[in-house]
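# based on what follows, work out the 3D shape:
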Amino acid sequence: MRTLLHLIALSWLGIPALAQRDLSQDLAELLTAKQALDQIPGISCAAFVGDELVFARGFGFSDVENQVAATERTVYRLASISKPIAAVLAMQLVEQGDLDLDGDVADLVAEWPRKRWPVTTRQLLGHLGGVRHYQGEAESARRYRDQRTALHRFAADPLLHEPGTRYRYSTYGFNLVAAVVEVRRGRSFPEVLAARVAGPSSAATLQDDDQRRIIAHRSQGYVRRGGELQNSGLMDSSYKLGGGGLCSSAPDLARFAQALLAGKLVSKEFLEQMWTPQRTASGAATGYGLGFSVGALDGDRLVGHSGAQSRVSTILQMLPDRGVGVVVMCNLERVKLGGLAKQLLRRLRAEVRR
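Next comes the predicted model:
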């Protein structure tokens, strides 16, 4: 009886029941094969076609020590997938006329001292700002009250190069973007996130990864050293919310992507700006837009972001012109998920073509 009701429900959604069953089976097989290959303790995935979430499941354990199952509700750190979310918050300000993408950030953020050259938000969003990335420093276990205070970790350092002349990936650059958002909104980054992205996306678990707060279904994290599975090192990501300090379940991150494609967070015009690959001053393409990696999959435009940090490996990939996307998050460090994401997207795209 339950199976019959499920098939009827799928027909109401406009999804052929048999095709939906085959799709779920195919995606599950791809995920479990990857889990077995890389010996991943826990992995969760969500996939969408248009405005329908067509797959949401977890496999393995979110907490190995306590044998807690990983499910679609498991909450993982997003790592660098926080960057496109910070970029959306910045572009909302631009669209509303409250931020000049090409203005000097030092005119906005008092905690950012003037440098040899001005640095703009556009350059930061495209990793062209010359702000350094990590340089061997240990992860932070300190709690920061806001993103402006956290700038002290790198604000005094000189720029690596004249902004616009080179592409150099920088999480710290997105920390500075988060500080710009705080200044222009007059609210904390988590408050802006909740009001401007999580709420409109109906993504209740999309939030800052506050280590003090009780977050239901939050996964533990692991690293493999010498073949032995161990707990990940401690990290308080409050110093880098815009660059890698958020968390979410896989379905809620997929809902963010759906809201983005539907024009609910920024207009299609500004979305296209974010998905246009930036160029250096010499004209060299970077393969990165404003907060998003931009590429192609078998001729289709491919946009998204991956993430890697203590406790997790993550990826969000979309084929925006097909209206499909996939989220994969796991609780093991140093797992390459790009190949899996492309396999999943190819299967989703085949469903659209039926």
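
# any idea which helix or strand in this protein has the lowest mean pLDDT?
helix 2-12 (a mean of 36; mean pLDDT, DSSP states H and E).

# now for the next helix-or-strand element following that one, which elements pack on it?
Next along the chain after helix 2-12, taking DSSP states H and E as the criterion, comes helix 17-38. When contacts are defined as 3 or more C-beta pairs under 8 Å, 6 or more residues apart in numbering; DSSP states H and E, helix 17-38 sits against helix 2-12, strand 42-49, strand 52-63, helix 338-353. In this view, the C-beta of every residue, glycine as well, is placed from N, C-alpha and C.

# C-terminal to the third one, what's the next element?
Right, strand 52-63. strand 68-69.

# what mean pLDDT does that following strand have?
Taken as a whole, strand 68-69 carries a mean pLDDT of 98.

# that strand pairs with which strands?
According to DSSP bridges, strand 68-69 forms sheet pairs with strand 52-63 (antiparallel).

# the partner strand: which residues count as buried?
53-63 (16 or more other C-beta atoms under 10 Å).

# shaky segments in this structure?
1-21, 354 (pLDDT under 70).

# what about the strands in it?
42-49, 52-63, 68-69, 75-77, 207-208, 222-225, 228-231, 246-249, 293-297, 300-309, 312-319, 324-330 (DSSP state E).

# for the fifth one, packing partners?
Put plainly, it is strand 207-208. Using 3+ C-beta pairs under 8 Å, 6+ apart, the elements in contact with strand 207-208 are helix 189-193, strand 246-249.

# contacts for it, please.
Strand 207-208 is contacted from outside by 189-190, 193-194, 198, 215, 237-238, 241, 245-248, using C-beta atoms under 8 Å, 6 or more residues apart in numbering.

# partner strands of it and their direction?
When DSSP bridges is applied, strand 207-208 pairs with strand 246-249 (antiparallel).

# and residue 281, what is it in contact with?
164-165.

# hmm, back to that, distance to residue 284 added to the helices and strands packed on helix 17-38, as CSV?
Shown next, in CSV, are the helices and strands packed on helix 17-38 (distance: least, C-beta to C-beta, whole Å):
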stretch, distance to residue 284
helix 2-12, 48
strand 42-49, 34
strand 52-63, 38
helix 338-353, 23
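
# okay, these, which one's buried deepest?
Sort these by mean neighbour count, taking mean count of other C-beta atoms under 10 Å, and strand 42-49 sits at the top with a mean of 26.

# between that one and helix 338-353, how many degrees?
30 degrees (axes from the mean of the first three to the mean of the last three C-alpha atoms, to 10 degrees).

# helices and strands around strand 42-49, which ones?
So strand 42-49, by 3+ C-beta pairs under 8 Å, 6+ apart, packs with helix 17-38, strand 52-63, helix 250-261, strand 324-330, helix 338-353.

# who wins for proximity to residue 155 among the ones you listed?
With C-beta to C-beta, the closest approach to residue 155 among the helices and strands packed on strand 42-49 belongs to helix 250-261: 29.4 Å.

# the inter-axis angle of that closest one versus strand 300-309?
Using the same axes, to 10 degrees: helix 250-261 against strand 300-309 is 140 degrees.

# got a list of contacts for helix 250-261?
44-48, 51, 53, 56, 58, 72, 74, 76, 78, 81, 85, 88, 197-198, 200-206, 248, 265-266, 271, 316, 318, 320, 323, 325-329.
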